[in-house]
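> A predicted structure for the sequence below; I have some questions about it.
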Amino acid sequence: MSVKRVMFVCLGNICRSPLAHAVFQEMVNERGLEDHYSVQSSGTCAYHAGEPADSRMRKTALGRGIKINHKARQIFRYDLEEYDYIFAMDKNNYQNIRRLTTNEDLLKNVFMFRQFDPLTPGDVPDPYYGGQSGFDDVYDIVDRTCSHILDLLEEDKI
Ligand code: 4NP
């Protein structure tokens with residue numbers, strides 16, 4: 001059985017991508033697919049490396065029953081070789097990930113996360129400088145998009 005290795009990437013790895021990581025892992029667990037997926041998240045910058053997720057993001061997630069237990073880490077070139085599916089939270093993240101390699105085969109594994117949003121494509125908005133409601137909006141986007149991504153992965157459609 002092959003394991004699908006999935007990584008979610010934002011800027012700081014303290015708000016959007018650790019949420020996607022925790023939500024997606026929970027969906028994998030609920031469907032009994034723990035042995036089929038390896039899930040991780042990272043950030044394109046190292047500013048927050050080693051820090052836990054932002055307390056506002058953890059609060060929103062906990063309110064929806066999701067515990068985020070992650071220490072921020074930066075993405076490196078070798079992650080592109082390690083992970084089969086890399087989902088960028090916004091287009092800056094996408095471009096910065098793509099700058100890590102010129103290998104076309106590896107670049108094929110890099111996607112815009114909201115390309116798979118069943119409602120609207122675009123960026124997952126950066127909630128860092130806003131209020132708690134921005135974190136709630138991010139949760140809704142991440143929840144429905146992770147669910148769709150898992151459906152598509154299970155159907156071998158990504
Ligand atoms: P994230 O949010 O990329 O979703 O983790 C941010 C975290 C930190 C900063 C910006 C966005 N920052 O400027 O430090």
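Arrived safely, thanks for sending.
> tell me which element Phe87 falls in.
Secondary structure assigned from DSSP states H and E places Phe87 in strand 85-88.
> Check Glu81 too.
Assigned by DSSP H and E, Glu81 falls within helix 77-82.
> hmm, who's touching that helix?
Residues from elsewhere that reach helix 77-82, judged by C-beta atoms under 8 Å, 6 or more residues apart in numbering: 5, 7, 40, 42, 86, 97, 100-101, 103, 106-107, 109-110. The C-beta positions use only the backbone N, C-alpha and C, and glycine is treated the same way.
> Buried by neighbour count, from these: which ones?
For the contacts of helix 77-82, a burial check counting by 16 or more other C-beta atoms under 10 Å picks out Arg5, Met7, Gln40, Ser42, Ile86, Ile97, Leu100, Leu106, Asn109, Val110.
> Isn't the third one up against Asp84?
No - proximity of Gln40 to Asp84 does not meet the contact threshold set by C-beta atoms under 8 Å, at 11.4 Å.
> how far away is the closest residue to Lys71 other than its chain neighbours from the ligand?
Once flanking residues are discounted, Lys71 sits nearest to Gly50: 5.8 Å by C-beta to C-beta, 6 or more residues apart in numbering. To the ligand, Gly50 is 14 Å away according to C-beta to the nearest ligand atom, to the nearest Å.
> Each with direction, which strands does whichever strand or helix holds Phe111 pair with?
Assessed by DSSP H and E, Phe111 sits inside strand 110-112. The strands beside strand 110-112 in its sheet (DSSP bridges) come out as strand 85-88 (parallel).
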